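Asks: Okay, structure incoming, though there's no sequence with it:
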């Protein structure tokens, strides 16, 4: 039985599904479902920064892919496992071997944050993208090519607050072309799901 204090930690220290989670899941599902069923059978996917495991679980349920989750937050890994997601504690893509992944999904921390205003907690880790909103996206883009299969795809959610064009340029510098699959506008930002391929 789950201890009440553990449950409270999970709920207050783990990013819960929101509009951005739904947008990423729906865009990836729509794109992946365009593949023939037999083409999806052997694909391995990873949701980086899986949080509650919602996106990983939803994509797995709707596409039939095996979707792993990784997160630096131990509370997130525990909550994702409760959803049935195979989750490992990891900093971005660190433990994954070369060419192992066919699909990578990432709803990166993207909110521009003044260093003086940052809190020292797991929710801050889940939300803060540093001063320009790209402090996590940049190392992700620099490292995702290693574990990604040559014909693999990355589904990356970015915000207009982060600078979509700047992210596309960073991806291009790492050898990726980008196409916008879906976007949704809100009062203070527009969210875009980019598909990156080599």
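Replies: Arrived safely. None of these values were measured; they are calculated from a predicted model. Numbering: from 1, shown residues only.
Asks: What distance do you get for residue 67 to residue 100?
Replies: From residue 67 over to residue 100 the distance is 13 Å, taken as CB to CB, to the nearest Å. C-betas here are computed from N, CA, C, even on glycine.
Asks: which ones are touching residue 102?
Replies: Contact analysis of residue 102 by CB atoms under 8 Å, 6 or more residues apart in numbering lists 43, 44, 45, 148, 149, 151, 152, 153.
Asks: As CSV, those residues with neighbour count and pLDDT would be great.
Replies: Putting the contacts of residue 102 into CSV (neighbours: other CB atoms under 10 Å; pLDDT from 0 to 100) gives the following:
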residue, neighbour count, pLDDT
43, 19, 92
44, 17, 95
45, 24, 97
148, 25, 97
149, 16, 96
151, 8, 94
152, 21, 96
153, 21, 97
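Asks: Let me have those in CSV, extended by secondary structure.
Replies: Below are the contacts of residue 102 laid out as CSV (DSSP: H, G, I helix; E, B strand; the rest coil):
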residue, secondary structure
43, coil
44, strand
45, strand
148, strand
149, strand
151, strand
152, strand
153, strand
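Asks: For the longest helix seen in the chain, which helices and strands make contact with it?
Replies: As assigned by DSSP state H, the longest helix anywhere in the chain is helix 19-32. Packing contacts for helix 19-32, counted by 3 or more CB pairs under 8 Å, 6 or more residues apart in numbering; DSSP states H and E, involve helix 54-63, strand 101-107, strand 148-159, strand 177-185, strand 190-197.
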